[in-house]
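Peer 1: All I have is the shape, not the residue letters:
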């Protein structure tokens, strides 16, 4: 079991079910509750209904209904969310190394698909530390 304080919740927001399953599988040894949603609207609904949770959000950028960029903008605009949410952007975009610029303090980093498990878990640990 990878020791991450279980007062943190991990939320996967990706419209591709296979990507959600792969990420959940990567996180099966992380001692945290892991939830998944299929678009940005569902992600915002989860964040707004989970007022007492600190959330590490694994966020795809290209989703229907509300994309990842809109989710990031909304988190950055609301100080209550910004204080308890850290975002790891997961994208197929080859320019992911440059995406973090201008995304705000809530975004820890951008990872390119397919995600490296060790890198992902290290970023989750960083997010958990920042939210502590």
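Peer 2: Cool, got the structure. Since we're looking at a predicted model, the values are computed, not measured.

Peer 1: Counting by contacts, list what the helix of greatest length in the chain packs against.
Peer 2: Ordering each helix of the chain by length in residues (DSSP state H) puts helix 117-131 first. Contacts defined by 3 or more Cβ pairs under 8 Å, 6 or more residues apart in numbering; DSSP states H and E place helix 117-131 against strand 8-13, helix 17-26, strand 54-59, strand 85-91, strand 107-112. For glycine as for every other residue, the C-beta is placed from the backbone atoms N, C-alpha and C.

Peer 1: which helices and strands does the second one pack with?
Peer 2: The contact analysis (3+ Cβ pairs under 8 Å, 6+ apart) places helix 17-26 against strand 8-13, strand 33-37, helix 117-131.

Peer 1: just to revisit the earlier point, show me how far the longest helix of the chain is from its chain's centre.
Peer 2: 10 Å (Cα atoms, centre = their mean, to the nearest Å).

Peer 1: And stretch 65-72, by the same measure?
Peer 2: Remark: stretch 65-72 is offset 12 Å from the chain centroid, using Cα atoms, centre = their mean.

Peer 1: With stretch 110-130 instead?
Peer 2: Centre-to-centre, stretch 110-130 and its host chain are 9 Å apart (Cα atoms, centre = their mean).

Peer 1: Please apply the same query to stretch 19-34.
Peer 2: 12 Å.

Peer 1: Only the buried residues of that stretch, if you could.
Peer 2: Counting neighbours by 16 or more other Cβ atoms under 10 Å, one finds that the buried residues in stretch 19-34 are 19, 20, 22, 23, 26, 27, 30, 32, 34.

Peer 1: one step back: now the helices and strands packed on helix 117-131 as TSV including distance to residue 78 and mean pLDDT?
Peer 2: Written out in TSV, the entries for the helices and strands packed on helix 117-131 read as follows (distance: least, Cβ to Cβ, whole Å; pLDDT from 0 to 100):
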stretch	distance to residue 78	mean pLDDT
strand 8-13	16	95
helix 17-26	25	96
strand 54-59	13	97
strand 85-91	9	94
strand 107-112	15	90
